[in-house]
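Visitor: Okay, predicted coordinates and the sequence, questions at the end:
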Amino acid sequence: MATQMRTPYLLLLILLLVLHLSLVFSWKKDEFRNCNQTPFCKRARSRKPGTCSLIANDVSITDGDLTAKLIPKNPQSQSQDEDQDHPDQDPIKPLILTLSVYQDGILRFKIDEDQTLNPPKKRFEVPDVVLPEFVDKKLWLQRVSTETIDGDSGISSIFYLSDGYEAVIRHDPFEVYVREKGGDRIVSVNSHGLFDFEQLREKKEGEDWEEKFRGNTDTRPYGPQSISFDVSFYGADFVYGIPEHATSLALKPTRGPGVEDSEPYRLFNLDVFEYLHDSPFGIYGSIPFMISHGKARGTTGFFWLNAAEMQIDVLGSGWDADSGISLPSSQNRIDTLWMTEAGVVDAFFFAGPGPKDVVRQYTSVTGTPAMPQEFATAYHQCRWNYRDEEDVENVDSKFDEHDIPYDVLWLDIDHTDGRRYFTWDRALFPNPEEMQKKLAAKGRHMVTIVDPHIKRDEAFPLHKEATKKGYYVKDATGKDFDGWCWPGASSYPDMLNPEIRSWWAEKFSFENYVGSTPSLYIWNDMNEPSVFNGPELTMPRDALHLGGVEHRELHNAYGYYFHMATTDGLVKRGNGKDRPFVLSRAFFPGSQRYGAVWTGDNTADWDHLRVSVPMVLTLGLTGISFSGADVGGFFGNPEPELLVRWYQLGAYYPFFRGHAHQDTKRREPWLFGERNTELMREAIHIRYMLLPYFYTLFREANTSGVPVMRPLWMEFPSDEVTFSNDEAFMVGNSLLVQGIYTERAKHASVYLPGEQSWYDIRTGTAYKGGKIHKLEISEESVPAFQRAGTIIPRKDRFRRSSTQMVNDPYTLVIAVNSSQAADGELYVDDGKSFEFEQGAYVHRRFVFSDGKLTSSNVVPNSPGKTRFSSVCVVERIILLGLSTRPKSALIEPANQKVEIELGPLWLRGGRAPAVLTIRKPNVRITDDWTIKVL
């Protein structure tokens, strides 16, 4: 009977999969809208500079903010202009402008309709993204001064932003900018007069507001409501950010002389199979945050908190040659055009002036990355799908057999009963708790997938409850939205509603998620949301959420709220004691607070390996530090050389996971011959060896927002050679990694920035900084270098999992600079709980200077803090670049003498070079001590 029931179900699934793949397999351009097919984008792009003639009126201080009304300078001529631009629009009503100043050089800039004039509905403002503690950092304006600037006929209002910076609102024509005190501008809005705000209005008789695309109709009940404006960055050589796109780190111009048939950078979360590399097309996530950087000025940021579809043009030099507008700046300038379908203007200027300053300022608004559990920073093994418990057990044992560590094994959609989430296919996984406990006995964990589409099946309790409570997103007619996804007919919880998020979180309790254990964590996929039969494979824009909010207004944040609810569920499951791990495909500003992100359904080819680096770097620049790409490529069958090179590079991604599609050949690391197994094993071992360094960097990201994986220019902001380099990257401030992106490569050109030397981490060989080195490349590794002047903590003993390494001793690798000095840090906590927030951690600073290594506490202990203890010691100290050849060292305060001898740079492998090593000092990582080289 069970077999008879499964047969039609399997046929349905096959039919559904064929439908999905026929729509999106090998990314079909025609399935998705371009700018010309998107009316708001087409209208905004067609406007000429100077079209906006709004002026700022009634400028005053109200409740500590600067407020103004934006009105047409000449209502009669404005009405005529509007007739040309928006032939059906009523005369423009005043808009309300609010400027607020916050600590650390942040200006918030809001424009909305005047609510006292009773617009047809209240425009959507994105909730639960801006931190409450940020709002408390507002500086209440006390005074504003006025002056005439740059030969204007009218006045501008100027007020304090931070030491060295001022905010300026020019009254006529309306313009807002930040400048150095009394000096050059750094970022501005509406300098080219492209601001446009389509106001909500009543529909006139005979008007047709509907939009159609490929057989889908958007009813658009509130009509046109788009917003667009220009943003200019001064002293900028390049701009970066606004993920997610599979393209270069430095954003290329999309309009202007020499740019033909280019699309804007699109921000619209979509389920895109095998996305194209080097494309401005938007994929799974959206962060409307752009960073400019230049040698002359430094770094500036602009963030627009808006969850509707957005399109952004980067305007090439000379785009405005015929505009007649002259901006006062002798510096380089990059102009951009920002366009969105709905919402309000709620934007933030970040004054910098350095790259780390801007990232810190942005994450002070949206939150710093969550501190992950330590196991999550190690290697993850995934496939769609590990078939059954026997397959899981076999894969797990093979890792041990081949001496390859891993920490997490993942199960995709087919572990469930008919793709009903929170269930198990009991024929394939009859004992899920026992399966998880077997992994946990080796210190390993499991991750299962939970997507937002709920199977519409009256026998499925989750669906019955959601239907009864009215918890689903509604269609335009007010009925539960019914779309197609992996289970077939599906509905989607309205995650905008906090009550529904709380309900969803309860589903992760051990009582509700039967078969789950404390070592099980979660993967959120398809949360853009993906709807196989929807317009552009997503939810219709006129679907309805809490309070009548249209899906068009919050689309890009849907996955964010789903991620939030899932993470909250795991926190509740552990009674607030266990750090969650949730991987999400869709993301939005603030997603960094809830877990990790990956770059989605990539392909097993060299171009996708190459583009993974700028994609992960861009995510880090925009707050999402815990990210990575599927090692090996999700689609296709990688040749062994590509797979090896991907492991060698992926070992340095913040999130390190191998994953593959069900139609690909199995590709666990032991399936490609003994030599390739050895190479992949060594790549994974490097990650495990560097876990103490990575974990320390995750703590830095958690406290400052500064990403784990960084563009070279973040560490070398004055070195112009680094500004567009996205083939190499920094891991923290100490490691530089250069990927190998072509098959059978024998040589690589590697630029090593700065004035100090760099040490090859495999050989200890020193290379001069500030020049390009042409290096011979072997199959054994990708080039990686330790920066002179740094100290990196390692753990050199290899276990089955990171959990089994907890009490292992440390190695410190000291790479001295030309002053024979170096420094570094080590952060350690229990790796799993929230007790670190009460001070239960060890954070040491190591300084080597004048022949003496000192360990000191970064944060002094204070009364009442929870203490963290560790029995770990430093077992080896490696000295690279030392100008002398000492024979011994003295440890204080123990007054103990230890030998300095030549020892292996690596403990594994027979070819490790011999380097100066202080053996077995056995000093505790929790203690203060010094070691003097004699």
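Guide: The structure has been received and is ready for your questions.

Visitor: Does the closest residue to S516 other than its chain neighbours lie in a helix or a strand, and which?
Guide: Nearest in space to S516, with sequence neighbours left out and distances taken as CB to CB, 6 or more residues apart in numbering, is F510 at 5.9 Å. Backbone N, C-alpha and C define where each C-beta goes, glycine included. Assigned by DSSP states H and E, F510 belongs to no helix or strand.

Visitor: how about F510, what does it touch?
Guide: Contact partners of F510, counting by CB atoms under 8 Å, 6 or more residues apart in numbering, are 516-518, 573.

Visitor: Can you check the pLDDT for it?
Guide: On the pLDDT scale, F510 is placed at 98.

Visitor: Mark which of the contacts of F510 are buried, thanks.
Guide: Neighbour-count burial (16 or more other CB atoms under 10 Å) applied to the contacts of F510 gives 516-517, 573.

Visitor: Going by distance to V176, which of those residues wins?
Guide: Closest approach between those and V176, by CB to CB: R573, at 45.8 Å.

Visitor: how far away is the closest residue to the closest one other than its chain neighbours from T477?
Guide: Nearest residue to R573 in three dimensions, chain neighbours excluded: F508, at 5.0 Å (CB to CB, 6+ apart). The gap separating F508 from T477 is 32 Å, by CB to CB, to the nearest Å.

Visitor: same deal with P372?
Guide: Distance, P372 to T477, using CB to CB: 43 Å.

Visitor: And the two? Which one has more around it.
Guide: P372 (25 against 9; other CB atoms under 10 Å).

Visitor: looking at it, that one is touching P654, isn't it?
Guide: No - counting by CB atoms under 8 Å, P372 stays clear of P654, with 9.1 Å between them.

Visitor: which residues are in contact with both of the two?
Guide: Applying CB under 8 Å, 6+ apart, one finds that P372 and P654 are jointly contacted by 596, 626, 698.

Visitor: ok, so of those residues, who is nearest H402?
Guide: Distances from H402 to the shared contacts of P372 and P654, taken by CB to CB, are shortest for A596, at 26.2 Å.

Visitor: Report pLDDT for the closest residue to the closest one other than its chain neighbours.
Guide: The shortest distance from A596 to any non-neighbouring residue, by CB to CB, 6+ apart, is to F626 (4.1 Å). Note for F626: predicted pLDDT of 98.

Visitor: what does the one 3 residues further on give?
Guide: A629 carries a pLDDT score of 98 in this model.

Visitor: one step back: residues in contact with the residue nearest to A596?
Guide: Going by CB under 8 Å, 6+ apart, F626 touches 369-370, 372, 376, 592, 595-597, 654-655, 698, 701, 708.

Visitor: Distance of it relative to P369?
Guide: Distance from F626 to P369, counting by CB to CB: 6 Å.

Visitor: Now the common contact residues for these two.
Guide: Common contact partners of F626 and P369 (CB under 8 Å, 6+ apart): 592, 698, 701.

Visitor: Just give the number of residues close to the residue nearest to L619 when sequence neighbours are not counted.
Guide: Sequence neighbours aside, S627 is the residue nearest to L619 in space, at 4.3 Å (criterion: CB to CB, 6+ apart). Counted with other CB under 10 Å, the neighbours of S627 add up to 30.

Visitor: S627 reaches T599, doesn't it?
Guide: Yes - the criterion here is CB under 8 Å, and S627 meets it with T599 at 7.1 Å.

Visitor: How about N306: what's its closest non-neighbour residue?
Guide: Nearest one to N306, counting by CB to CB, 6+ apart, is G343 at 4.4 Å.

Visitor: how many other residues sit next to that neighbour?
Guide: Number of residues near G343 (other CB under 10 Å) recorded here: 24.

Visitor: any idea how far H843 is from it?
Guide: 41 Å.

Visitor: nearest residue to the residue most central in space within the chain other than its sequence neighbours?
Guide: What sits nearest the mean C-alpha location of the chain, by CA atoms, centre = their mean, is I624, with 2.8 Å. Excluding the flanking residues, the one nearest I624 by CB to CB, 6+ apart is Q592, at 4.8 Å.

Visitor: for L267, which residues make a bridge with it?
Guide: According to DSSP bridges, the partner residues bridging L267 are M310.

Visitor: Enumerate every residue touching it.
Guide: Applying CB under 8 Å, 6+ apart, one finds that L267 lies in contact with 242, 282, 286-288, 309-312, 556.

Visitor: go again using 7 Å as the cut-off
Guide: Going by CB atoms under 7 Å, 6 or more residues apart in numbering, L267 touches 242, 282, 286, 288, 309-310, 312, 556.

Visitor: what's around the spatially closest residue to I686 that is not a sequence neighbour, how many residues?
Guide: Once flanking residues are discounted, I686 sits nearest to A651: 5.2 Å by CB to CB, 6+ apart. Neighbourhood size, A651 [other CB under 10 Å]: 25.

Visitor: all helices for the stretch 651-800 of the chain, in order.
Guide: Under the criterion DSSP state H, counting those that start in this stretch, the stretch 651-800 of the chain contains helices at 674-689, 691-704, 712-715.

Visitor: Where do the strands of the stretch 751-900 of the chain begin and end?
Guide: Under the criterion DSSP state E, counting those that start in this stretch, the stretch 751-900 of the chain carries strands at the ranges 758-760, 766-767, 771-776, 784-787, 790-794, 810-815, 822-828, 842-849, 852-857, 873-880, 888-892, 896-904.

Visitor: can you check the stretch 251-400 of the chain too?
Guide: Counting by DSSP E, counting those that start in this stretch, the stretch 251-400 of the chain has strands at residues 265-267, 289-294, 298-304, 310-315, 333-340, 345-350, 379-381.

Visitor: remind me which residues of the stretch 201-350 of the chain are low pLDDT?
Guide: Within the stretch 201-350 of the chain, the ranges that satisfy pLDDT under 70 run 328-330.

Visitor: again, but for the stretch 801-934 of the chain
Guide: Using pLDDT under 70, the flagged stretches of the stretch 801-934 of the chain are 861-864, 909-910.

Visitor: So for D81, what's the pLDDT?
Guide: 44.
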